[in-house]
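Engineer: no FASTA, just this:
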């Protein structure tokens, strides 16, 4: 009898497990991710539906901790440090909780990835920020998304019912790139050069870009990092200094199999840099003939 009971229990558990795997969840899972600059930010959450209900202030009471979604805790993961509403959130993975209110939301980042309304503890908070909710046209499914994406910033939006809460996200591209370079230490020269080139092309801080390319040059000189430095110096209004590195890039390029792909642009760049250097006037010569004594 004991064996039969054990067998039946086993079958029931198996059936329950199978059902849990194949049945649609009432609040389906979703993932949204966005690369901001060089930092990847991902959010895993569930999407409850409105279904004609009153949500904030009714189904979800004001001034109470809310899991910001449904089912398991909503989680955010960032590959590098970011700022949220101007406050630093270190690279890592966190649960997002919130405290809704008609006039202000508190959004909480918790190190407890299994947090719920029932077991929430403020001692696990790593960051709390506030945001002002805005009225929007009805949103049927709870939604988290990114908008207004720039090289160093984006908005993270939480929308449901007729409410939208927006968090300002910021990234430090220089710090993120330096962290990435530390991981790629086996080819740091190329990594520093790529970082400097990215910053130059995106119009970011030129002094930081110059620092990056100097680190690349100190590790291993080639035509590409010399050319990147030439372009940065030229952009800083230093054509005479830029020309030195541009000509060196041209010299080092000879015999490099990749150089032909850059040859035309480098030669054109050299001509443009030369045109910006003021011509040095020749010394004046005394043309008057001395009188014979």
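Structural biologist: Alright, I've got the coordinates. Quick caveat, the model's predicted, so the values are computed rather than measured. Numbers count the residues shown, from 1 in each chain.

Engineer: Is it correct that residue 34 is in contact with residue 149?
Structural biologist: Yes. With contact defined as Cβ atoms under 8 Å, residue 34 and residue 149 form a contacting pair (6.2 Å). The C-beta positions use only the backbone N, C-alpha and C, and glycine is treated the same way.

Engineer: Looking at the two, which has the bigger crowd around it?
Structural biologist: residue 34 (16 against 13; other Cβ atoms under 10 Å).

Engineer: For this structure, just list every one of the helices.
Structural biologist: Using DSSP state H, the helices found in the chain span residues 2-22, 173-183, 188-201, 206-219, 223-235, 239-253, 263-275.

Engineer: Those helices: lowest mean pLDDT?
Structural biologist: With a mean of 45, helix 2-22 has the lowest mean pLDDT of these.

Engineer: The nearest residue to residue 253 once chain neighbours are set aside: neighbouring residues, count only.
Structural biologist: Nearest residue to residue 253 in three dimensions, chain neighbours excluded: residue 259, at 3.5 Å (Cβ to Cβ, 6 or more residues apart in numbering). Using other Cβ under 10 Å, residue 259 is surrounded by 18 other residues.

Engineer: Against residue 33, how distant is residue 259?
Structural biologist: Using Cβ to Cβ, to the nearest Å, residue 259 is found at 37 Å from residue 33.

Engineer: Residue 93: what's it in contact with?
Structural biologist: 75, 76, 77, 113 (Cβ atoms under 8 Å, 6 or more residues apart in numbering).

Engineer: My guess is the second one contacts residue 41. True?
Structural biologist: Yes. Taking contacts as Cβ under 8 Å, residue 76 lies within contact range of residue 41: 6.9 Å.

Engineer: got the residue ranges for the strands in the stretch 1-150 of the chain?
Structural biologist: With strands called from DSSP state E, counting those that start in this stretch, the stretch 1-150 of the chain shows them at 29-36, 39-46, 74-78, 82-84, 87-89, 92-99, 105-110, 125-131, 134-147.

Engineer: Quick one: closest of these to residue 188.
Structural biologist: strand 39-46 (19.8 Å; Cβ to Cβ).

Engineer: and the closest one, which strands flank it?
Structural biologist: Using DSSP bridges, strand 39-46 pairs in its sheet with strand 29-36 (antiparallel), strand 74-78 (antiparallel).

Engineer: If I take the shortest one and strand 105-110, what angle do their directions form?
Structural biologist: Same thing as strand 74-78. Angle of strand 74-78 versus strand 105-110, following axes from the mean of the first three to the mean of the last three Cα atoms, to 10 degrees, is 70 degrees.
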